[in-house]
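Novice: coordinates for the following, if possible.
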Amino acid sequence: MFSNIVFLISGVFLESPTEFTVDARSVTGSGTGRVETLLTSPSGRVVRCPVKNMGDGTYQVQYAPYEQGVHQIEVTYENIPVPGSPFRVNAIPGCDPLRVRAYGPGLEYAITNEPTTFTIETKGAGQGSLGLAIEGPSEAKMVCKDNQDATCIMEYLPVRLNKQTIQLFSIFFRFFLIRQKLVNMILRSNSLNNIFLVE
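Specialist: Residues are numbered from 1 along each chain as shown. Next comes the predicted model:
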């Protein structure tokens, strides 16, 4: 009936949004069916997990365990348990900085005096503080928008202070360096604008 259900079986961190995908394309290509998911904690507390219908026969489920120990996840499609349900996941304290990702156009290039963005995603990484450092002679005002889903959008406005400037972006999670990106700003030919180019 289902081609697969993908999610973490072990190493799920406490109080950390985690997600998995229910793939029901073999029974519905358009996502017309209803998927429900219940998370039962070791103490017996039952929580309904949010399910997002992706409209292509797949469903994205998000949950965050708040008790240490083995949790049970029941997944149903049209009130019928999917194969393998209920699933068991072990929630443990801690974090894994290697699960943090940073991506987007603002880490690849940027035009001076035009806002640009990039995304930082901490899904499944556990609890920890996020930090960002920008080094270089050029200022870049940063604004962070927390999406309340373990992702945040970082927006900055690059400015040019001289003919050539190098900016170093460093992203930290729980004091671990996640990513460093060196960006070189040069004057674009035949233009009044400047552009950051990845070195």
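
Novice: and Gly106, helix, strand or coil?
Specialist: Recorded secondary structure, Gly106: helix (DSSP: H, G, I helix; E, B strand; the rest coil).

Novice: so it makes contact with Tyr156?
Specialist: Yes - contact criterion CB atoms under 8 Å: Gly106 and Tyr156 qualify, at 6.4 Å. Placement of C-beta: from N, CA and C, glycine included.

Novice: more neighbours: those two, which one.
Specialist: Gly106 (24 against 21; other CB atoms under 10 Å).

Novice: for the residue lying closest to the more buried one once chain neighbours are set aside, give me its contacts.
Specialist: Nearest non-adjacent residue to Gly106, counting by CB to CB, 6 or more residues apart in numbering: Phe118, 3.7 Å away. Phe118 is in contact with 102-107, 153-154, counting by CB atoms under 8 Å, 6 or more residues apart in numbering.

Novice: list residues touching both of Gly106 and Tyr156?
Specialist: Joint contacts of Gly106 and Tyr156 (CB under 8 Å, 6+ apart) are 116-117.

Novice: and of the contacts of Phe118, the nearest to Ile80?
Specialist: Ile80 has its nearest neighbour among the contacts of Phe118 in Tyr103, at 37.3 Å by CB to CB.

Novice: how about the closest residue to that closest one other than its chain neighbours, secondary structure?
Specialist: Nearest residue to Tyr103, sequence neighbours excluded (CB to CB, 6+ apart): Thr119, at 5.8 Å. Here Thr119 takes the strand state, with states given by three-state DSSP.

Novice: begin at 58 from here
Specialist: Okay, residue one is now 58; in that scheme the one you just asked about reads as Thr176.

Novice: quick one: contacts for Thr176?
Specialist: 158-161, 208-211.

Novice: same deal with Val79?
Specialist: 59, 62, 92, 94, 108, 115-116, 118, 132, 134, 139 are the contacts of Val79 under CB under 8 Å, 6+ apart.

Novice: possible to save the contacts of Thr176 as TSV with secondary structure?
Specialist: Shown next, in TSV, are the contacts of Thr176 (three-state DSSP):
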residue	secondary structure
Arg158	strand
Ala159	strand
Tyr160	strand
Gly161	coil
Thr208	strand
Cys209	strand
Ile210	strand
Met211	strand
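
Novice: before we move on, the earlier item: now pLDDT and secondary structure too, for the contacts of Val79, in CSV please.
Specialist: Listed next are the contacts of Val79 as CSV, based on pLDDT from 0 to 100; DSSP: H, G, I helix; E, B strand; the rest coil:
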residue, pLDDT, secondary structure
Phe59, 49, coil
Ile62, 48, strand
Val92, 91, strand
Thr94, 94, strand
Val108, 92, strand
Thr115, 88, strand
Tyr116, 90, strand
Val118, 91, strand
Val132, 93, strand
Tyr134, 90, strand
Val139, 89, coil
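
Novice: return the member of the residues you listed nearest to Glu171.
Specialist: In terms of CB to CB, no member of those lies closer to Glu171 than Thr115, at 35.2 Å.

Novice: I'm done for today, thanks for sticking with me.
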